[in-house]
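Attaching a predicted model along with its sequence, questions to come.
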Amino acid sequence: MNIENIKSQFPIFSKKINGKNLVYLDSSNSSQKPLSVINRLDEFYKNEFSNIGRSIHSLSVNATNKFEETRNSVKDFINANSKDEIIFTKNATESINLVASTFGKQNIEKGDEILITELEHHSNYVPWHYLRESKGAVIKFAPINENGDIIISEFEKLINSKTKIVAVTHLSNVTGTIVPVKEIIDIAHKKKIPVLIDGCQSAPHIKIDVKDLDCDFYAISCHKVYGPTGVGVLYGKKKWLEKLPPYIGGGGMISEVNKDKISYAPLPEKYEAGTMPTAEVVAFNESIKFMKSIGIENLVNHERELTNYALEKLKTINSVKIVGNPKNKAGVISFTIKGVHPHDIATILDEDGVAIRAGHHCCQILHQRLNLVATARASFGVYNTKEDIDILCKAIENCRKVFDLK
Amino acid sequence: MDLKELYQDIILEHGKNPRNFGKCDKHTHQAKGHNPLCGDQVEIYLKLNAENKVEDLKFQGSGCAISIASTSIMTELVKGKSIEVSKDIINAFLNMIKYSKEMKCKDLDEDQKTKVMSLSGVKQYPMRVKCATLSWHTLSSAINEKKEDINTEVLD
């Protein structure tokens, strides 16, 4: 795999940040976009734009076809059974809210339990909290150990007859833990409990096969998968999406409307009310093509090599401490520097053109568990190189110099 | 912008060795503030005497170098001042952080002004302005006996 060739497909890397080459280490937050995706947006708006599914004219027919082509590509990308199982949303947050809201309406009663974990991003906690507020549901947190791995035996103990759904991340956006979701799904399914997987971080970095996992729901955020903002995906098993009530009501999601009753459209339109981010969905097809052109195995190997290289180098820097040491780790490295607050680290690194994130990364439960207020996080994408890691380490040394650390 | 202008020695020194860190004995006023974006938290304890002067001012909390230094310098400047003068100093600081390089305040001497003006470089870093202002808003809240905690996301 030729990284320089891949990097050259991303126009942003020709820009200077504070006079320096951009070292972008914030892909867990959002990835940069290849030119093919940017061009597709431009081309669609210039030559092909129309709203979809509503009109008979040629432009609309073409736009609808292109929109549905992306749905098919997503279906293949995650190995779903049918394109009816692929719902486009605003983002992964909306995907999870959709499930929490509709599943909750139909299946959650007072005292019922929702099982999540201490690793979860706020977007896989707050939507369930709404059910705690509105229905009196109970939220249980499967604990993690110091390494940042979910303690499976403890997870298993938390499942009981009141547990109605399990919601767990596939890949932690703080510790980089790759969660053994297949094992978790097996355990839950033995008790006939459905499982939602938050695939925000996993989709751009590891192979996803919803058929093999046998998950009931899977949420994806397209802007993290080298795609445009404004698009998310919810995969749901057909049996669930058919059974659950609709989410947002409006145009496009109905079958027939009368003064006294309304019937809803079949899948997937049932969950796609109103005008969708048409151009963005169309352009997301280019992101999937981009991922395929690299090959998921090459991508995994490249990011694993980078992660190992970065961990080795960071360990040699005095006063740097890596957060978590999970069994299986992807390209997300959160760290602290003794004596320097993560916000100061981020400001100083930015002077060297190094973009990292500092804060609690929308995971306050996890930070509380690890007794940390905030951490600095470097996260990788397919365009990162070992040279980027070297520049990161140099910038950290500079940070230590500014703070006069020994 | 040079990092040295943001991380001046005086800021790093106050950040490492904050003055008036802790809790006052028998405070008369207190307030909490936090910055939900980064998780920074500060608690301000204020003790007013019978003449409405700040007899003691202390703080607890966690934050970045900018936030700790700003709070530490604030306690040094405000301690011993009357309530009215304290309010003037707070306003002058907030004005300086947002708009000017100068600390326009007749109640401070040149040394004190120089010290607090070391924080004026923060305005070049819009994402960091709230680090510097959190404790000042929280002190204002303590003085005005407001019940709600300060949340930087609902301030301008």
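Looks like it arrived, so ask away.

going forward, measure contacts and count neighbours with C-alpha atoms only.
OK.

which stretches of chain B form helices?
With helices called from DSSP state H, chain B shows them at B:3-6, B:9-16, B:65-78, B:83-98, B:110-117, B:129-143.

To B:Tyr45, which of those helices lies closest?
Among the helices of chain B, helix B:129-143 comes nearest to B:Tyr45, with 7.8 Å by Cα to Cα.

Any part of the closest one near chain A?
No. On the criterion Cα under 8 Å from any Cα of the partner chain, helix B:129-143 is out of touch with chain A, staying 9.2 Å away.

Note down every partner strand of the helix-or-strand element of chain B with minimal mean pLDDT and its orientation.
Sorted by mean pLDDT, DSSP states H and E, the helices and strands of chain B end with strand B:150-151, the least confident at a mean of 82. According to DSSP bridges, strand B:150-151 forms sheet pairs with strand B:29-35 (parallel).

how about the residues of chain B near chain A?
Counting by Cα under 8 Å from any Cα, chain B comes close to chain A at B:Leu3, B:Tyr7, B:Leu12, B:Lys16, B:Leu37, B:Cys38, B:Gly39, B:Asp40, B:Gly63, B:Cys64, B:Ala65, B:Ile66.

could those residues go into JSON lines alongside distance to A:Phe103 and neighbour count?
As requested, the residues of chain B next to chain A are exported to JSON lines (distance: Cα to Cα, whole Å; neighbours: other Cα atoms under 10 Å in any protein chain shown):
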{"residue": "B:Leu3", "distance to A:Phe103": "51", "neighbour count": "12"}
{"residue": "B:Tyr7", "distance to A:Phe103": "51", "neighbour count": "22"}
{"residue": "B:Leu12", "distance to A:Phe103": "52", "neighbour count": "19"}
{"residue": "B:Lys16", "distance to A:Phe103": "51", "neighbour count": "15"}
{"residue": "B:Leu37", "distance to A:Phe103": "31", "neighbour count": "16"}
{"residue": "B:Cys38", "distance to A:Phe103": "33", "neighbour count": "20"}
{"residue": "B:Gly39", "distance to A:Phe103": "32", "neighbour count": "15"}
{"residue": "B:Asp40", "distance to A:Phe103": "36", "neighbour count": "21"}
{"residue": "B:Gly63", "distance to A:Phe103": "40", "neighbour count": "26"}
{"residue": "B:Cys64", "distance to A:Phe103": "42", "neighbour count": "21"}
{"residue": "B:Ala65", "distance to A:Phe103": "46", "neighbour count": "26"}
{"residue": "B:Ile66", "distance to A:Phe103": "46", "neighbour count": "26"}
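
And the furthest pair within those residues?
Taking Cα to Cα as the measure, the residues of chain B next to chain A span a maximum distance of 23.4 Å, between B:Leu3 and B:Gly39.

Quick one: the helices of chain B as a markdown table, columns for mean pLDDT too.
Shown next, in a markdown table, are the helices of chain B (pLDDT from 0 to 100):
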| stretch | mean pLDDT |
| --- | --- |
| helix B:3-6 | 84 |
| helix B:9-16 | 94 |
| helix B:65-78 | 96 |
| helix B:83-98 | 94 |
| helix B:110-117 | 93 |
| helix B:129-143 | 94 |
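
hang on, isn't A:Lys164 packed against A:Pro194?
Yes. Contact status for A:Lys164 versus A:Pro194: in contact at 7.4 Å, counting by Cα atoms under 8 Å.

more neighbours, those two?
Higher neighbour count among A:Lys164 and A:Pro194: A:Lys164, with 23 against 19, using other Cα atoms under 10 Å in any protein chain shown.

Provide the backbone phi and psi angles at that one.
Main-chain torsions, A:Lys164, degrees, to the nearest 10: phi -110, psi -30.

In contact with it, which residues are there?
A:Asn107, A:Ile108, A:Asp112, A:Glu113, A:Ile114, A:Ile193, A:Pro194 (Cα atoms under 8 Å, 6 or more residues apart in numbering or on different chains).

Closest one of those residues to A:His343?
Nearest to A:His343 out of those is A:Ile114 (Cα to Cα; 34.2 Å).

Locate the residue nearest to that closest one when sequence neighbours are not counted within the secondary structure: which element?
Closest residue to A:Ile114 apart from its sequence neighbours, by Cα to Cα, 6 or more residues apart in numbering or on different chains: A:Ile139 at 4.9 Å. Per DSSP states H and E, A:Ile139 falls inside strand A:138-142.

how much distance is there from that strand to the middle of the chain?
In terms of Cα atoms, centre = their mean, to the nearest Å, the centre of strand A:138-142 is found 21 Å from the chain centre.

and it, what other elements does it pack with?
strand A:113-117, helix A:126-135, helix A:152-158 (3 or more Cα pairs under 8 Å, 6 or more residues apart in numbering or on different chains; DSSP states H and E).

In a markdown table: those, plus mean neighbour count and mean pLDDT.
Formatted as a markdown table, the helices and strands packed on strand A:138-142 follow (neighbours: other Cα atoms under 10 Å in any protein chain shown; pLDDT from 0 to 100):
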| stretch | mean neighbour count | mean pLDDT |
| --- | --- | --- |
| strand A:113-117 | 24 | 98 |
| helix A:126-135 | 18 | 98 |
| helix A:152-158 | 14 | 98 |
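
Of the ones you listed, give the one that comes closest to A:Leu59.
Across the helices and strands packed on strand A:138-142, A:Leu59 has its closest neighbour in helix A:126-135 (37.8 Å, Cα to Cα).

does chain B sit close to that closest one?
No. Helix A:126-135 stays clear of chain B (Cα under 8 Å from any Cα), getting no nearer than 15.4 Å.

starting at the chain centroid, how far to that helix?
Taking mean C-alpha positions (Cα atoms, centre = their mean), helix A:126-135 and its chain are 21 Å apart.

now swap in stretch B:107-117 and tell me
14 Å.

And for stretch A:50-59?
Its chain's average C-alpha position is 31 Å from that of stretch A:50-59, according to Cα atoms, centre = their mean.

and what of stretch A:312-323?
27 Å.

which outside residues touch that stretch?
By Cα under 8 Å, 6+ apart, the residues outside stretch A:312-323 that reach it are A:Asn147, A:Val174, A:Thr175, A:Ile333, A:Ser334, A:Phe335, A:Thr336, A:Ile337, A:Lys338, A:Cys393, A:Glu397, A:Lys406.

any idea how far the residue sitting nearest the centre point of chain A lies from A:His341?
Ranked by distance to the mean C-alpha position of chain A (Cα atoms, centre = their mean), the top residue is A:Cys200 at 1.1 Å. To A:His341, A:Cys200 is 27 Å away according to Cα to Cα, to the nearest Å.

repeat for A:Phe88
39 Å.

ditto for A:Gly250
With distances taken as Cα to Cα, A:Gly250 is found 47 Å from A:His341.

For the two, indicate the residue with more neighbours.
Between A:Gly250 and A:His341, A:His341 has the larger neighbour count (other Cα under 10 Å), namely 21 against 13.

Now the more buried one. Its backbone dihedrals?
phi -70, psi 140.

hang on, it packs against B:Ala65?
Yes. Taking contacts as Cα under 8 Å, A:His341 lies within contact range of B:Ala65: 6.8 Å.

residues in contact with the residue lying closest to A:Lys237 once chain neighbours are set aside?
The shortest distance from A:Lys237 to any non-neighbouring residue, by Cα to Cα, 6+ apart, is to A:Asp216 (5.4 Å). If a contact means Cα under 8 Å, 6+ apart, then A:Asp216 has A:Pro194, A:Val195, A:Leu196, A:Tyr235, A:Gly236, A:Lys237, A:Trp240 as its contacts.
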